[in-house]
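Student: Sharing a model prediction with you, sequence too.
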There are 2 protein chains.
Amino acid sequence: MLAAPAEARKKYGPAPATEGGLLDDVNGYTIARDGTVKHFNGLLIGKDGKVKALLQPNDKRPEWLDFRLDGHGRTLLPGLIDAHGHVMELGFALTHLDLSATTSLADMQTKVANYAAGHTEPGWIQGFGWNQEKWNLGRFPTAADLDLAVKDRPVVLERVDGHALLANSAAMAAAGISASTKDPADGHIERDAKGKPTGVFVDGAMALINKAVPAPAPIERDDAFRKAQELLLSYGITATCDMGSTVDDWNVYRRAGDVNAIRIRIVSYGRGVETALSVAGNQPTPWLYDGHLRMVGVKLFADGALGSRGAWLKQPYSDKPDTRGIPFMDDTRLKNLMSRAAMDNLQVAVHAIGDAANDQVLSAIEELSDTYKGDRRWRIEHAQIVDPADLPRFAHDGIIASMQPTHETSDWKMAEERLGPARLKGAYAWATMEAEHVPLAFGSDYPVESPNPFPGLAAAVSRQDASGQPVGGWQPQERITMPQALAAFTSGAAYAAQAEDRIGSLEPGHLADFVLVDTDPLTTQDPQAVRHTQVLETWINGIRVWVKK
Amino acid sequence: MLAAPAEARKKYGPAPATEGGLLDDVNGYTIARDGTVKHFNGLLIGKDGKVKALLQPNDKRPEWLDFRLDGHGRTLLPGLIDAHGHVMELGFALTHLDLSATTSLADMQTKVANYAAGHTEPGWIQGFGWNQEKWNLGRFPTAADLDLAVKDRPVVLERVDGHALLANSAAMAAAGISASTKDPADGHIERDAKGKPTGVFVDGAMALINKAVPAPAPIERDDAFRKAQELLLSYGITATCDMGSTVDDWNVYRRAGDVNAIRIRIVSYGRGVETALSVAGNQPTPWLYDGHLRMVGVKLFADGALGSRGAWLKQPYSDKPDTRGIPFMDDTRLKNLMSRAAMDNLQVAVHAIGDAANDQVLSAIEELSDTYKGDRRWRIEHAQIVDPADLPRFAHDGIIASMQPTHETSDWKMAEERLGPARLKGAYAWATMEAEHVPLAFGSDYPVESPNPFPGLAAAVSRQDASGQPVGGWQPQERITMPQALAAFTSGAAYAAQAEDRIGSLEPGHLADFVLVDTDPLTTQDPQAVRHTQVLETWINGIRVWVKK
């Protein structure tokens, strides 16, 4: 508490009750779901960690405060919310070998060999982030390729989209894989001409290898969580949806909460109905740990990903006409699972990338909406390739399109190959979603993409990648405005997480979650400047939880 | 708060700070682990829910109190602690068909048929508590017996000891059981002369049926918990060890805690190492929910039960010389699991009933004690049949004998048949354990026995059952004193649960968990009067959480 001046104390007696803390002289914004921007100059934070008032330059400041900080005109935004990420996978990624910057097969091989040399403790080598599209390889890598880097220890490397993995021969041997291993119903094994697995396992087939990987020890899980949380806070993410928490993941968050070590807000969607029912029971959990953790729903999968051709399309892949991808469930099973969750008021979020998968989920929601009325907030995760004829179906049932702008800038070339020109009209169709009044929520799908939301904002308004490609933007008619993009990363994401009454916008009574940044995204005309925005401070519940060193 | 009299307020101004609440004129006891009894007349409870002082008749009472209750001389005991129970199984037992009072096969058949007629909703009928020993049947019951009661729906009935079940033909069909179904390594299937399963599945074989039983819905779990908690509080149980919590069980307790609905204290031992590591991580959890929940360790099994001849004996069963029972794990696996738990400072509690199983666990502890030093509080659960030569090994490593007095009074006849006279010397050997200075903790193994601790206290001092049999007590040299028995159900059980610094005895600074009862067990000479003690009030954290209606 700021001490009253000695004379004041003498004259007036002890100070009256304080009115909280003030961040003054800020360039503050809050953005409503419809894109309306409110500007303010001072943020008054109550003792309860909630916004007490947004002050304009001429508004009177309270006299008695717990703290008064001068913002020196810096830009203050509502805390960014990632509507679709994977907290623990981010944490494990931060402790595993990152291959996302590799530019060729040889580059990957070198990095794996070097990592093995530097990590001589016995056991598996785990990595992630490879993308053969970036290597101009024209084919998937193979176990034989990987054996050239490391032969004597099992190595397993997840593809950038998390929907395929590459194993070396030792890993396949440890997992008992042979030519007689059958493809599971929800995935497939890449094979050579003789039917022998070549080392790449797609979607459901990944489990054949993963079941042989030793489970992380609890201390490794807790460490991974701490690393993920720290990175998210450093990017200004104050809340995140955790898309597909396992019971083990949930227990990690609870352990952190139990020792008062959870800083970020996590809105959890249980991985499958069984997880959600085991954890949450017959209703979403309350907000736990002073509003830091809640399980609100369930995550289901309708298909795989586009890169590994697991996305389920209505028509064959343009670059592999013998497949339409992998539907994960038949209509009945999907509806049964969605119904089982909805029965207990659990929110349903379904991964759907291909147009066939989106159609399937839309149909399921349409059928279930007759039974489960009211504010259900069905979510389709990714909604990446949608048949233009299906786009109006989103708004009809208030379905939330939970999309990831950086997927577009990472994938557009690959998407053109997979889909051909005719199907691009409904691909990453943000402006069309907005025009159709579909509630839009943005995220990054970290660790598939970086959790940094600023490249996402840049992508949303430009549809250009970090190098400014393609010039003019890809399918530029689907660009949206910065207020729309900011809304999707703040108030829109809060709405998708059933939390718009407390976070996502800075209004009196909402929690004081916000960031101070070095760039004003609303006045900057250059998307690349927005992309490189630095977060200076991250505040949650009116407390500064991260500061740039 | 008691209002100050108006005149006092006028004369002295507002009341000074109060000193908590007082239960006065009680016949109060607290019992140390060594059996030392302390008597008091008033219990002063601080605002923090802790014992502030034990008052003697002549001690001055504080003037300003939040409440002052007259005990009218009633007996006040520390809250009873059950060192070994199964909270959720008790809850499910309270919602399933209770067959523990059946006196014959025909009686069981009638009760099952009546239950089916009264529960016409489709699905499985689940029951428990049968004991063919009480039926004088001379054999196990069969599916054919049960089909005579209910044929058109699956019925599964757990034996009283939880180590065997009886299925009807519909249940066996639903589970896909046939003559070709093999016995699992850790259990066996009763079969007829042709090898066809007859309907009884012992120990590990129970899973063959149980996997077909639909899992309870979350709302059923939550309801079962509420029922179990209510019953435990009504018997004066203020804290319980939960021996073998599953992740689902744990999530039920957390849900109750999250909505402030957990009243009893639960010290949880995860069912197997995986559960404990998933929940607790690399150390016991903190005390959660204001001291109501903690996972402190892991529950393992070395063998089965005596009734179903699953207990692992050094010599063959007297009444079935072709078997020595079922060891659940080889020495190496047991030591590996115990080591994995001890590595993360999780307490290890191992079920061991037969003398061979006790020997195995003692040997494992002796070997592990070289590595895991300090105050480990290894627990052997049941320690029921111990080779007299092995008894001194308990005290050597400070091993806690966690025993259940009512098992003795329920089982003594059966034990004589199973063991013959020569082996009875180390059976349910409470006095010998005391003489050997083994830390003793008592419980009931509910729902195998009633969770009511007063029959346990009566059994401990008399070794006679409810009908006073056998006259003079069974193996009466193993009777213990009432202070010893009370200590094992209070301070001894608290020590076993690593909670003696907060519960189990009423000392200043400990939590005010206590009961008011209608009988003074320390002055009553009649064990049957102790057995029928009624709990009048149950207090936890200085709050009255249950009162007799």
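Tutor: That came in fine, so what should we check first? Bear in mind that the values here come from a model prediction, so they are computed numbers and not experimental data. Residues are numbered from 1 along each chain as shown, chains lettered A, B, ... in the order given.
Student: Please make it C-alpha for all contacts and neighbour counts, starting now.
Tutor: OK.
Student: Could you list the low-pLDDT ranges of chain A?
Tutor: When residues are selected by pLDDT under 70, those of chain A lie in A:1-16.
Student: what does it put close to chain B?
Tutor: By C-alpha under 8 Å from any C-alpha of the partner chain, the residues of chain A that approach chain B are A:217-219, A:222, A:247-248, A:251-252, A:255, A:258-259, A:277-282, A:285-286, A:288.
Student: outside of the strand or helix carrying A:N336, which residues touch it?
Tutor: A:N336 is part of helix A:331-343, with elements assigned from DSSP states H and E. Defining contact as C-alpha atoms under 8 Å, 6 or more residues apart in numbering or on different chains, one finds that helix A:331-343 is touched by A:273, A:277, A:297-298, A:302, A:347-348, A:360, A:364, A:368, A:372.
Student: can you check stretch A:372-379 too?
Tutor: So stretch A:372-379 is contacted by A:342-343, A:345, A:347-350, A:365, A:398-402, A:496 (C-alpha under 8 Å, 6+ apart).
Student: Of these, grab the buried ones for ChimeraX.
Tutor: If you want just the buried ones from these in ChimeraX, going by 16 or more other C-alpha atoms under 10 Å in any protein chain shown, the selection is:
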select /A:342,345,347,348,349,350,365,398,399,400,401,402,496
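Student: Which of the contacts of stretch A:372-379 fall within strands?
Tutor: Among the contacts of stretch A:372-379, the members falling in strands are A:347-350, A:400-402 (criterion: DSSP state E).
Student: And the residue of the stretch 51-200 of chain A closest to chain B?
Tutor: Residue of the stretch 51-200 of chain A nearest chain B, by C-alpha to the nearest C-alpha: A:M88 (13.9 Å).
Student: any idea how far that residue lies from B:T275?
Tutor: A:M88 is 19 Å from B:T275, where distance means C-alpha to C-alpha, to the nearest Å.
Student: And these two? Which one has more around it.
Tutor: More crowded of A:M88 and B:T275, by other C-alpha atoms under 10 Å in any protein chain shown: A:M88, with 28 against 22.
Student: and the more buried one, what are its phi and psi?
Tutor: Backbone dihedrals for A:M88, given as degrees, to the nearest 10, come out at phi -70, psi -30.
Student: What does A:Y317 show for phi and psi?
Tutor: Dihedral angles (degrees, to the nearest 10) for A:Y317: phi -60, psi 140.
Student: so it makes contact with A:A415?
Tutor: No - counting by C-alpha atoms under 8 Å, A:Y317 does not reach A:A415; the two are 10.0 Å apart.
Student: Only C-alpha atoms, please: export the top helix by length along chain A in PDB.
Tutor: What stands out as the longest helix in chain A, according to DSSP state H, is helix A:218-234. Only the C-alpha atoms of helix A:218-234 are listed here, as PDB (Å, rounded to 0.1, in the frame of the first residue of the first chain):
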ATOM      1  CA  PRO A 218       5.400 -37.900 -12.800                       C
ATOM      2  CA  ILE A 219       8.300 -35.600 -12.200                       C
ATOM      3  CA  GLU A 220       8.900 -35.400 -15.900                       C
ATOM      4  CA  ARG A 221       5.200 -34.500 -16.400                       C
ATOM      5  CA  ASP A 222       5.300 -31.800 -13.700                       C
ATOM      6  CA  ASP A 223       8.500 -30.400 -15.200                       C
ATOM      7  CA  ALA A 224       6.900 -30.400 -18.700                       C
ATOM      8  CA  PHE A 225       3.900 -28.500 -17.300                       C
ATOM      9  CA  ARG A 226       6.000 -25.800 -15.700                       C
ATOM     10  CA  LYS A 227       7.900 -25.300 -19.000                       C
ATOM     11  CA  ALA A 228       4.700 -25.100 -21.000                       C
ATOM     12  CA  GLN A 229       3.100 -22.700 -18.600                       C
ATOM     13  CA  GLU A 230       6.200 -20.400 -18.600                       C
ATOM     14  CA  LEU A 231       6.300 -20.300 -22.400                       C
ATOM     15  CA  LEU A 232       2.600 -19.600 -22.700                       C
ATOM     16  CA  LEU A 233       2.700 -16.700 -20.200                       C
ATOM     17  CA  SER A 234       5.700 -15.300 -22.100                       C
END
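Student: Which residues does the helix or strand just after that helix contact?
Tutor: Elements were assigned by DSSP H and E; along the chain past helix A:218-234, the next helix or strand is strand A:237-245. Strand A:237-245 is contacted by residues A:79-87, A:232, A:264-272, A:275, A:298-300, A:452-453, A:497, A:513-514, A:538-540 when judged by C-alpha under 8 Å, 6+ apart.
Student: go on, stretch A:538-549?
Tutor: Against stretch A:538-549 from outside (C-alpha under 8 Å, 6+ apart): A:45-46, A:48-51, A:79, A:233-234, A:236-238, A:263-264, A:511-516, A:535-537.
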